[in-house]
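Chemist: fold the stuff below for me.
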Amino acid sequence: MERTMVGWGNGLLGVVIFSGSLPATRVAVADFSPLFLTSARAVIAALLGAALLFGLRQARPARGDLLPLAIVALGVVVGFPLLTALALRHITAAHSVVFIGLLPVATAVFAVVRGGERPRPAFWLFSLLGSAAVAGFALSQGGGGSLAGDLLMLAAIVACGLGYAEGAHLSRRLGGWQVISWALLLSLPAMAAMGVWTLPGTWSGVGMPAWIGLAYVSVFSMLVGFVFWYRGLAQGGIAGVGQLQLLQPFLGLLLAGLLLQEPVPGTMVLATAWVVLCVAGARRFSGGAMARIAKPR
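Modeler: All right, here's what the predicted structure looks like:
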């Protein structure tokens, strides 16, 4: 029980860090293109991860771990950031939250398929109720969609859910920070090429807020957050701890209100309270972690 609680604590800290991505990205894309931002944050995080791996003399992954690491890289390093950046060319940020509400369900499905977890039926009820609350809140705020944008967001959610579940499964053997660091390193050549291809024509128009936003999504959203997130998923159970993602849209809106002076609707408080109850219910029936996380090598 104590180990599970620690896992939920690590997972919550990861979600709080990820929640800062929304306001940081909003600031960064004011001066950077979405494609450059996607590649630049991956390259910076990969270089930091490589320094950690080689500086601490971590053993290389086994050959059998390369395919799962590639799945993690395609899911959370390349797939989700790139697909959402492309989707936001067609839909509003408010509309995209409808799909973010589906991410915990997608993570739970892949926890069953890839992680061997077996949540109880009541877990799925609370998970779906929480997702419905997030989607309902997003729809109540308005914002249009399009078929192309919706399909891109659905693909992003599937990619991210798979990457989360696969990474958490690997974390039980390799350790949380090692998994995301190796995944980032695997994606480095492709992301570096994309970064060169999408380099801004001039740097003179890039303001300090955009640089700060890029730094946050590179260091915290792309690396530090995953250290806590993967460890939390592995310790507390992928399906259960994954439900904490339901809180991410609301925490992001709250941070946007505090840091960017954006309006925070009163309905958000009610929706957040309902989501917290759903997360608590999902935790009760999640079944916990199926395996113990391995000591980092």
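
Chemist: mind listing what's buried in the strand or helix carrying Leu254?
Modeler: Taking DSSP states H and E as the definition, Leu254 sits inside helix 248-260. By neighbour count with 16 or more other Cβ atoms under 10 Å, helix 248-260 contains the buried residues Gln248, Pro249, Phe250, Leu251, Gly252, Leu253, Leu254, Leu255, Ala256. Every residue, glycine included, has its C-beta placed from N, CA and C.

Chemist: tell me the contacts of Val16?
Modeler: Residues near Val16 by Cβ atoms under 8 Å, 6 or more residues apart in numbering: Leu251.

Chemist: any idea of the mean pLDDT in the host helix or strand of it?
Modeler: For Val16, the enclosing helix or strand under DSSP H and E is helix 2-19. In this model, helix 2-19 has a mean pLDDT of 86.

Chemist: check stretch 246-265 too.
Modeler: Averaged across stretch 246-265, the pLDDT comes to 73.

Chemist: who touches that stretch?
Modeler: Residues outside stretch 246-265 that contact it (Cβ under 8 Å, 6+ apart) are 12, 15-16, 18-23, 26-27, 97, 100-101, 104, 130-131, 133-134, 137-138, 141, 268, 271-272, 275-276, 278-279.

Chemist: what of stretch 159-168?
Modeler: 68, 71-77, 79-80, 83, 103, 105-107, 109-111, 113-115, 179-180, 183, 226, 229-230, 233-234, 238, 242.

Chemist: show the buried residues in those.
Modeler: 68, 71-77, 79-80, 83, 103, 105-107, 109-111, 114-115, 179-180, 183, 226, 229-230, 233-234, 238, 242.

Chemist: if we can go back for a sec, quick one: buried residues of the helix holding Val16?
Modeler: 4, 7-19.

Chemist: try stretch 39-50
Modeler: Applying 16+ other Cβ under 10 Å to stretch 39-50 flags Ser39, Ala40, Arg41, Ala42, Val43, Ile44, Ala45, Ala46, Leu48, Gly49 as buried.

Chemist: likewise for stretch 29-37?
Modeler: Val29, Asp31, Phe32, Pro34, Leu35, Phe36, Leu37.

Chemist: now do Leu251 against Leu129, distance only.
Modeler: 19 Å (Cβ to Cβ, to the nearest Å).

Chemist: now swap in Val109 and tell me
Modeler: With Cβ to Cβ as the criterion, Val109 and Leu129 are 16 Å apart.

Chemist: circling back to that earlier point, now the helix holding Val16 and helix 248-260, what's the angle there?
Modeler: With axes from the mean of the first three to the mean of the last three Cα atoms, to 10 degrees applied, the angle from helix 2-19 to helix 248-260 works out at 50 degrees.

Chemist: by mean pLDDT, which helix or strand of the protein comes out lowest?
Modeler: helix 93-100 (a mean of 67; mean pLDDT, DSSP states H and E).

Chemist: filter the buried ones among the contacts of stretch 159-168 down to just the ones in helices.
Modeler: 68, 71-72, 80, 83, 103, 105-107, 109-111, 114-115, 179-180, 183, 226, 229-230, 233-234, 238, 242 (DSSP state H).

Chemist: pLDDT score for Ala111?
Modeler: Confidence at Ala111, expressed as pLDDT, is 84.

Chemist: contacting residues for it?
Modeler: Per Cβ under 8 Å, 6+ apart, neighbours of Ala111: Glu117, Pro119, Ala165, Ala168, Gly237, Ile238, Ala239, Gly242.

Chemist: give the rounded mean pLDDT of the lengthiest helix in the chain.
Modeler: Identified as the longest helix of the chain according to DSSP H is helix 147-174. Averaged over helix 147-174, pLDDT sits at 87.

Chemist: buried set for it?
Modeler: 149-150, 152-153, 155-174.

Chemist: ok now it, how far from the chain's centre?
Modeler: 8 Å (Cα atoms, centre = their mean, to the nearest Å).

Chemist: for stretch 19-28, same thing?
Modeler: 13 Å.
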